[in-house]
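[1] Just to be clear, the model below is a prediction. Sequence and coordinates:
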Amino acid sequence: MELFLLSNSRNHGHGFLEHVLDEVSDFIGPGGHLAFVPFALKDHDAYTKVVAEALAPRGITVTGVHATADPLRAVAEAEVLFIGGGNSFRLLKTLQRTGLREVVRERVLAGELRYMGSSAGTNMACPTLRTSNDMPIAEPDSFEALGLVPFQINPHYLDPDPSSTHMGETRQQRLEEFLEDNDVPVLGLREGTWLRVSGSTARLGGAKAARLFTRGAEPRELAPGSDVPELLTMTPHFDS
């Protein structure tokens, strides 16, 4: 199984995917072709154009599966799939309604399809949406996502700001609340970071550390370049 899971596709001071373009090119392959799932945003054509323009300098072509006669067939024949960011609830609802969730999951787990996700697309790789930052603007049939990894990810992870006067919960507190009811590790990916899974290896990339939350323990910092294969063998336990 080959996964490339980004916290974000836009990094401060950079264009779309610019901060990670070398890694994306390596994952897709020079002159490769990418099937793109734009369903997390409303304007599918505009979103696909942004992705295509970002990857064109590397000779990578992009097809939005929404624009094909048969999106299921497009995914069934693809070698590399990218599910972009946006609203995770809208995205999951569309994947469920179209039947794409089952096709993507089956092909990725079989090693037939390389999977790249960003933000909402990274949320899709997890067992559920329960650690998404998004507002539920749409109602999927369930929170069950693709389950390509057995742990949860929190993209765009933000550290607590000790100087903030905001009295609401921090991201850390939100994730600790999740762990009160679910015994599932959560990997907090800060902006500009990613996780690359290849077979039994899971390596962190980017200039910042990731933060790992587990039940009954203090959050643990994981340095860039760390290999965390133990996450791939976890058995998640969700509150039903």
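    Perfect, thanks for sending it.
[2] looking at it, residue 122 is touching residue 6, isn't it?
    Yes - under the criterion of Cβ atoms under 8 Å, residue 122 is in contact with residue 6, at a separation of 6.1 Å. Bear in mind the C-beta positions are built from the backbone N, C-alpha and C, glycine included.
[3] what sits in contact with each of those two?
    Shared contacts of residue 122 and residue 6 (Cβ atoms under 8 Å, 6 or more residues apart in numbering): 155, 189.
[4] contacting residues for residue 67?
    By Cβ under 8 Å, 6+ apart, the contact set of residue 67 is 44-45, 48.
[5] same check, this time on residue 71
    Contacts for residue 71 were tallied using Cβ under 8 Å, 6+ apart; they are 65, 98, 100.
[6] ok, 10 Å please
    Residue 71 makes contact with 35, 37, 39, 64-65, 94, 98-100, 103, according to Cβ atoms under 10 Å, 6 or more residues apart in numbering.
[7] Check residue 73 too.
    So residue 73 contacts 65, 103 (Cβ under 10 Å, 6+ apart).
[8] Equivalent analysis for residue 101, please.
    The neighbourhood of residue 101, defined by Cβ under 10 Å, 6+ apart, consists of 92, 94-95, 124, 140-141, 144-147.
[9] and the host helix or strand of it, how far out from the chain's middle?
    Element membership of residue 101, judged by DSSP states H and E, is helix 100-109. Centre-to-centre, helix 100-109 and its host chain are 15 Å apart (Cα atoms, centre = their mean, to the nearest Å).
[10] after it, next one along is what?
    Later in the chain than helix 100-109, the nearest helix or strand by DSSP H and E is strand 114-118.
[11] what packs against the following helix or strand past that next one?
    Heading C-terminal from strand 114-118, the first helix or strand you meet, by DSSP H and E, is helix 120-124. Contact analysis of helix 120-124 by 3 or more Cβ pairs under 10 Å, 6 or more residues apart in numbering; DSSP states H and E lists strand 2-6, strand 33-37, strand 80-83, helix 88-98, helix 100-109, strand 114-118, strand 152-154 as its packing neighbours.
[12] again, 6 Å this time
    Judged by 3 or more Cβ pairs under 6 Å, 6 or more residues apart in numbering; DSSP states H and E, the packing partners of helix 120-124 are helix 88-98.
[13] before we move on, back to that, what are the buried residues along the helix holding residue 101?
    Burial within helix 100-109, assessed by neighbour count using 16 or more other Cβ atoms under 10 Å, is assigned to 100-101, 103-105, 107-108.
[14] In JSON lines: those, plus pLDDT and distance to residue 187.
    Converted to JSON lines, the buried residues of helix 100-109 look like this (pLDDT from 0 to 100; distance: Cβ to Cβ, whole Å):
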{"residue": "100", "pLDDT": "97", "distance to residue 187": "24"}
{"residue": "101", "pLDDT": "97", "distance to residue 187": "22"}
{"residue": "103", "pLDDT": "97", "distance to residue 187": "26"}
{"residue": "104", "pLDDT": "98", "distance to residue 187": "21"}
{"residue": "105", "pLDDT": "98", "distance to residue 187": "20"}
{"residue": "107", "pLDDT": "98", "distance to residue 187": "24"}
{"residue": "108", "pLDDT": "98", "distance to residue 187": "18"}
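[15] which of those lies closest to residue 206?
    The shortest gap between residue 206 and any of those belongs to residue 108, at 22.4 Å (Cβ to Cβ).
[16] Tell me where this structure has strands.
    Per DSSP state E, the chain carries strands over the ranges 2-6, 33-37, 61-64, 80-83, 114-118, 152-154, 186-188, 193-198, 201-206, 210-213, 220-222.
[17] and residue 31, what does it touch?
    By Cβ atoms under 6 Å, 6 or more residues apart in numbering, the contact set of residue 31 is residue 59.
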